[in-house]
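**Student:** Give me a 3D structure for the following:
(chains A and B)
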Amino acid sequence: MSLDLVIAAFLTVVNITTPILLAATGELVAEKSGVLNLGVEGMMLCGAIAGFAVTFVCGDPDIADKLPWLAAAAPWLGTVAAAIAGALSSVLFGFMVLTLGANQVASGLALVIFGTGISSLIGTAYVGVAITPFDSVFPDSLASDPIGRVVFGYSPLVYFALIVVGLVGWFLNRTRAGLVLRAVGENDLSAHSIGYSVIGVRYLAVMFGGAMAGIGGAFFSMVITPLWAERMTAGRGWIALALVVFSGWRAGRLLGGAYFFGLFMTLELYAKASGFSFLPSQFWASMPYLMAVLVLAVMSARARGGSEAPACLGKPFIPDA
Amino acid sequence: MTIFNRRTLIKSAGAAALAAPFINRTALGDTPLKIGYVYLGTVGDWGWTWAHEKGRKEMLAAMGGKVTADYVENVNEDQSATPVIRDLAQSGHKLIFTTSFGYMDQTLAVAKDFPDVKFEHCTGFKRADNVATYNNRFHEARAVMGAIAGMQSKTGTIGYLGSFKVPEVVMGVNSFAMAAQAMNPNIKVKLVMIDSWFDPPKESAAAETLANLGCDFVTTHTDSPAALQVCEKKKIFGFGQGADMTRFAPHACLTSILDIWSPYYISRAKAMLDGTWKSGDSWWGVKDGSVKIGPYNKSLPDNVKAEGDKIMKGWGDGSYDVFTGPMVDQSGKERLAKGVRMEDKDLAVIDWYVKGVEG
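**Tutor:** Alright, predicted model coming up:
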């Protein structure tokens, strides 16, 4: 295997991993505050269509003639729109489970259906058109040699994802606000009794989760395949959810786990394309999940029982008046 | 024309059930024949369902006011398809097209309860007195793509992005590989199955992988233009699937397979009106106008375009068949003797790849 091939494969790993990492990081924060939001897939689709639509409209050739700065900013505006769309869809979920105290599992599943439906509806106007992909913003000269490509060869959203997961890790473990968020997730009654707004904190956490899922979804429609197709996230939201559990609700492990998934998904394709047909393709496809089960088994054996999940995860909080 | 979604369909089905005797009586009069379609995706998927919808519209236009046609979109290939098909039958639709493989058993189950309604199941193999099956010979157009790739490939290695190892895909791979090898005997086809018909991120990653492994062509047998966009980015070449996909890859898309369903839909609607409808299996191709290719990319040299036209013309007049022996499988065993054409019954169940296909 030549160096070029390894690097090219690594770029594929990064592209597969980034949207899952973004969505999982958002979900990690929501779950740390005690809210189980199963609607990641729906929020990703909302972000995917919003990001695509805004990029497409702002990048329209007519607009580019009159307002070149708007066309240049199109992918960035698209990213912001994706975050807003994801956050807005999560507010709907938040209203159901936080304000009304509805069941989180059912509401999350409803959010998936809602996100799929509304993204399809809005998306009908954008079927069959393409945009310029949101690729590397560094000058080509930086990414001309192999090392340059590994460092500078990605969409800005790739770096954004890495920064966000780092910031989330720092926020949760090293800041006072992070401590409050964890307290709300571990023991809502105590947090409430010493004067923190449980509902308020959870709203913010859920909205952050929605925004990250939205940007993760936009990574599909703006970077990987710069087009809109219904249900184009094809189940990645569910992988993001699994990843949060897999990580044991820790940002560092989340990062490692996401790349681990991405690596195995890429290996599957290389194995098939290189003709390793001694194993059926379904085996390769199930590899990441098989490995996840193994790692989880080893980890829980080490932890000698006891769950790492936030204690209030999935429980509605209804304060006494 | 009415567009049904599931909710209004259920409502109207309820109304129809109450008014059933009335509907049956009027159906015998001069009222137009009601045709129903069950779609897997949405009419805007730019692929499989889009092509059926185009066929439905062209059929309506060709039949004038003699038929009406409704559709239900986004119907899953599971038990939830059964009530959808049943509702169409109950609400007076006399000819119902179920347009995906996964509706096979559901179609047959409903057909048993409605002996006077005719059903047509796309790509299936189970039939009944009132259930016919139909499909298009897409592999005929794939031979054109194989020939183009065979003439134009510099690396001699071509990627083929497949979904599942089902006869439809296997015959596509073989048609492509044999047509390519007829132009350049050293062509190798690297095959990657992604275990899905529609997964744009995975299609994209797989196309990237094939390009990285030295393929200068990647052809797709999955439903989205994702792989074609990768071809455009990597400056390699590919082909559109199901519709003209030039707009997604102006340089990379050399031509496309077009699914044309209207000739079949028109002929079946006419047969219903004439009373000559019969169950059976139809497998239409280039010569019936059911499979076409999209415009060639303007970058293609004239001799390559001429070769493509020659193949299409050959399919049309019967002088060409890509599956003409000798056909040799991957292990080197001869499966079809020299000069012999493969019979449809063997082709329909083909499960082995020709020599030169890897993976």
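**Student:** who's in contact with the lowest-mean-pLDDT helix or strand in chain A?
**Tutor:** Across the helices and strands of chain A, mean pLDDT, DSSP states H and E gives its lowest value to helix A:281-303, namely a mean of 72. Contacts to helix A:281-303, defined as CB atoms under 8 Å, 6 or more residues apart in numbering or on different chains, come from residues A:242, A:245-246, A:248, A:257, A:260-261, A:264-265, A:267-268, A:271-272, B:193, B:195. (Each C-beta comes from the backbone N, C-alpha and C, glycine too.)
**Student:** Which ones among those lie within strands?
**Tutor:** Judged by DSSP state E, the subset of those located in strands is B:Met193.
**Student:** for the contacts of helix A:281-303, which one is nearest A:Ala74?
**Tutor:** Set against A:Ala74, the nearest of those by CB to CB is A:Met265 (29.6 Å).
**Student:** Check whether that closest one really touches B:Glu208, as I assumed.
**Tutor:** No - if you go by CB atoms under 8 Å, A:Met265 and B:Glu208 don't touch, sitting 11.9 Å apart.
**Student:** Low-confidence ranges, the stretch 1-150 of chain A, go.
**Tutor:** Low-confidence segments of the stretch 1-150 of chain A, defined by pLDDT under 70: A:1.
**Student:** Quick one: name the residues of it near chain B.
**Tutor:** Within the stretch 1-150 of chain A, the positions adjacent to chain B are A:5, A:8-9, A:11-12, A:15-16, A:19, A:120, A:123-124, A:127-130, A:133 by CB under 8 Å from any CB of the partner chain.
**Student:** Please repeat the previous calculation with a cut-off of 10 Å.
**Tutor:** Within the stretch 1-150 of chain A, the positions adjacent to chain B are A:4-9, A:11-13, A:15-16, A:19-20, A:116-117, A:120-121, A:123-130, A:133, A:135 by CB under 10 Å from any CB of the partner chain.
**Student:** so what's the closest residue to B:Ile194 other than its chain neighbours up against?
**Tutor:** Using CB to CB, 6 or more residues apart in numbering or on different chains and skipping residues adjacent in sequence, the residue nearest B:Ile194 is B:Lys202, 4.9 Å away. Counting by CB atoms under 10 Å, 6 or more residues apart in numbering or on different chains, B:Lys202 touches A:16, A:224, A:234-236, A:265, A:268-269, A:285, B:161, B:192, B:194-196, B:222, B:224, B:226-227.
**Student:** How about the residues of the stretch 1-150 of chain B by chain A?
**Tutor:** Contact residues, the stretch 1-150 of chain B versus chain A (CB under 10 Å from any CB): B:41-47, B:50, B:73-74.
**Student:** Relative to B:Val349, which of those residues is nearest.
**Tutor:** So of those, ranked by how close each gets to B:Val349 (CB to CB), first place is B:Gly47, at 25.4 Å.
**Student:** if we can go back for a sec, now the two most distant members of the residues of the stretch 1-150 of chain B next to chain A.
**Tutor:** Spanning the widest gap among the residues of the stretch 1-150 of chain B next to chain A are B:Trp46 and B:Asn74, at 14.9 Å by CB to CB.
**Student:** higher neighbour count, these two?
**Tutor:** Neighbour count, other CB atoms under 10 Å in any protein chain shown: between B:Trp46 and B:Asn74, B:Trp46 has more, with 27 against 19.
**Student:** residues in contact with residue 226?
**Tutor:** Here I'm looking at chain A. A:Pro226 sits next to A:52, A:55-56, A:75, A:129-135, A:220, B:226, B:229, B:232-233, B:248 when contact means CB under 10 Å, 6+ apart.
**Student:** look at chain B instead
**Tutor:** Contacts for B:Ala226 (CB under 10 Å, 6+ apart) come out as A:220, A:224-227, A:229, A:232, B:161, B:198-207, B:220, B:248.
**Student:** let's go with 7 Å and repeat that
**Tutor:** If a contact means CB atoms under 7 Å, 6 or more residues apart in numbering or on different chains, then B:Ala226 has A:225, B:200, B:203-204 as its contacts.
**Student:** what's downstream of the helix or strand hosting B:Lys270, the next helix or strand?
**Tutor:** Following DSSP states H and E, one finds B:Lys270 within helix B:262-274. Helices and strands here follow DSSP H and E; after helix B:262-274, the next one along the chain is strand B:281-284.
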